[in-house]
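Colleague: Quick one: sequence plus predicted model below, questions after.
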Amino acid sequence: MQNPKDEILAIVTTLTSTTSNSELCDTLSRYFTPDAKFVHPVCMADSRAEIRGIYQWYRIMSPKTKCNVISVIYDSDQNVIVLEMVQWFHLRISPTGPAAARLISRLILREISGLHYIARQEDLYPTLDLVALMTPNLAVFPWLFLKLASLLSNLFAWLFWKVGITGGGLEGGQVNLTGLKEGLGLGTYSEECRKLST
């Protein structure tokens, strides 16, 4: 790439949405280093050839994947691109429709003879989006787990504060049950703030 910020959109669109194997292979060969790394929540690769196999399998599993790039940040000093995207992935065998998943993709570039090549791609998904991407009907289970963890965090913060264990970071402050109440639908933050200020 001569101008990474301007060229990356077309590259990402090809990688995520092309149905042409030759176009996919050409894009990987043209823009990735031979020793490129790929890190994803469910797989990883240590070479361009291995990355090609992952993208090929990805297209076989979901032949109609679409991707919308929301923002592109290019740090020329660090030679890094950060992309915020929404991707619609639909497993070929799934009876449900495609699920939208947000992700952040961080691309580390390497400059060779004045051109920029992708040396490492790391895809980061929020937990709920990753589960919805792969098994949309099961997304309720991680949601319940995350909600329970949030409620317990609020309860334990209040309980530990009540017995005097604050970990050194909350001296002089007050821990209340606002987060727990809101999580259970029993109150709002603004109501609790009004009570504390009076």
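Modeller: Arrived safely, thanks for sending.

Colleague: quick one: contacts for the residue nearest the centre of the chain?
Modeller: In the chain, the C-alpha closest to the average C-alpha coordinate belongs to Y125, at a distance of 2.1 Å (CA atoms, centre = their mean). By CB atoms under 8 Å, 6 or more residues apart in numbering, the contact list for Y125 reads 41, 101-103, 133. Glycine gets a C-beta too; all of them are placed from N, C-alpha and C.

Colleague: That one and L133, how far apart?
Modeller: From Y125 over to L133 the distance is 7 Å, taken as CB to CB, to the nearest Å.

Colleague: Which residues are in contact with each of the two?
Modeller: With contacts taken as CB under 8 Å, 6+ apart, Y125 and L133 have A101 as neighbours in common.

Colleague: re the thing from before, so which of the contacts of Y125 belong to helices?
Modeller: In helices, defined here by DSSP state H, the members of the contacts of Y125 are L133.

Colleague: Just want the phi and psi numbers for A139.
Modeller: Recorded main-chain torsions at A139 are phi -60, psi -20, according to degrees, to the nearest 10.

Colleague: burial of the closest residue to it other than its chain neighbours, as a residue count?
Modeller: Ranked by CB to CB, 6 or more residues apart in numbering and with sequence neighbours excluded, the top spatial neighbour of A139 is A132, at 4.3 Å. By the other CB atoms under 10 Å criterion, the neighbourhood of A132 contains 24 residues.

Colleague: quick revisit: neighbour-wise, which of the contacts of Y125 leads?
Modeller: The residue in these with the most neighbours, by other CB under 10 Å, is L133 (25 neighbours).

Colleague: Give the buried residues for the lengthiest strand in the chain.
Modeller: Longest strand of the chain, by residue count under DSSP state E: strand 99-112. In terms of neighbour count (16 or more other CB atoms under 10 Å), strand 99-112 has its buried residues at 99, 101-105, 107-109.

Colleague: That strand: what's the following helix or strand?
Modeller: If you walk from strand 99-112 toward the C-terminus, the next helix or strand you reach (DSSP states H and E) is strand 115-124.

Colleague: and that next one, how far from the chain's centre?
Modeller: Relative to its parent chain, strand 115-124 has a centroid offset of 15 Å by CA atoms, centre = their mean, to the nearest Å.

Colleague: do the same with stretch 15-23
Modeller: 22 Å.

Colleague: Name the single longest helix found in the chain.
Modeller: Of all the segments assigned as helix in the chain under DSSP H, the longest by residue count is helix 140-162.

Colleague: about what we covered before: make TSV out of the buried residues of strand 99-112 and add pLDDT.
Modeller: TSV is the format used below for the buried residues of strand 99-112 (pLDDT from 0 to 100):
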residue	pLDDT
A99	76
A101	86
R102	90
L103	92
I104	95
S105	96
L107	98
I108	98
L109	98
